[in-house]
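> from the sequence below, what's the structure:
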Amino acid sequence: MNEASEKDPAVVRQKLNHDTAKIKWGALHEHQQIECVIAVSADLDLIDVACEFTFDNSDQVKAWLEQAQITKVTGDQAQQWKAEDRELWAVVVAPWVLVQEQKPGAT
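The predicted model follows:
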């Protein structure tokens, strides 16, 4: 991506959507160890959240944090997901890895 396209919300959204994938929780263990995994509520759109992180919209991110719509993954949650061999949607917005449980009925 060139500098101009990195600032174009439509281009960034398309790239993030392309970079989003399902991943087993166990593959994120290393990232969890350095506390850079953020759980995104199923009420939010993972790509919308990733876009706000990408554009450093701290006001929106702070609001989501205050409403507990995004949270750092806790050790207990990590252990539960590991025990269940849970598959999550994930996208990297360095230094963060944003994860979201699959919505009920989604495949």
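
> from here on, just use CA atoms for contacts and neighbour counts.
Fine.

> in the protein, which spans are strands?
In the chain, the segments counted as strands under DSSP state E are 21-24, 37-40, 70-72, 87-93, 96-101.

> with distance to E30 as new columns, can the ones you listed be given to me in a markdown table?
Shown next, in a markdown table, are the strands of the chain (distance: least, CA to CA, whole Å):
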| stretch | distance to E30 |
| --- | --- |
| strand 21-24 | 13 |
| strand 37-40 | 10 |
| strand 70-72 | 14 |
| strand 87-93 | 14 |
| strand 96-101 | 11 |
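
> quick one, which of these is nearest to R13?
strand 87-93 (11.5 Å; CA to CA).

> any idea how far that closest one is from the middle of the chain?
With CA atoms, centre = their mean, to the nearest Å as the basis, strand 87-93 stands 5 Å off its chain's centre.

> parallel or antiparallel, which strands does it pair with?
Using DSSP bridges, strand 87-93 pairs in its sheet with strand 21-24 (antiparallel), strand 96-101 (antiparallel).

> can I get the first one in CSV, CA atoms only?
Included here for strand 21-24 are C-alpha records, laid out as CSV according to Å, rounded to 0.1, in the frame of the first residue of the first chain:
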residue,chain,number,x,y,z
ALA,A,21,-9.2,-15.1,9.2
LYS,A,22,-10.4,-17.8,11.5
ILE,A,23,-7.7,-19.1,13.8
LYS,A,24,-7.5,-21.6,16.7
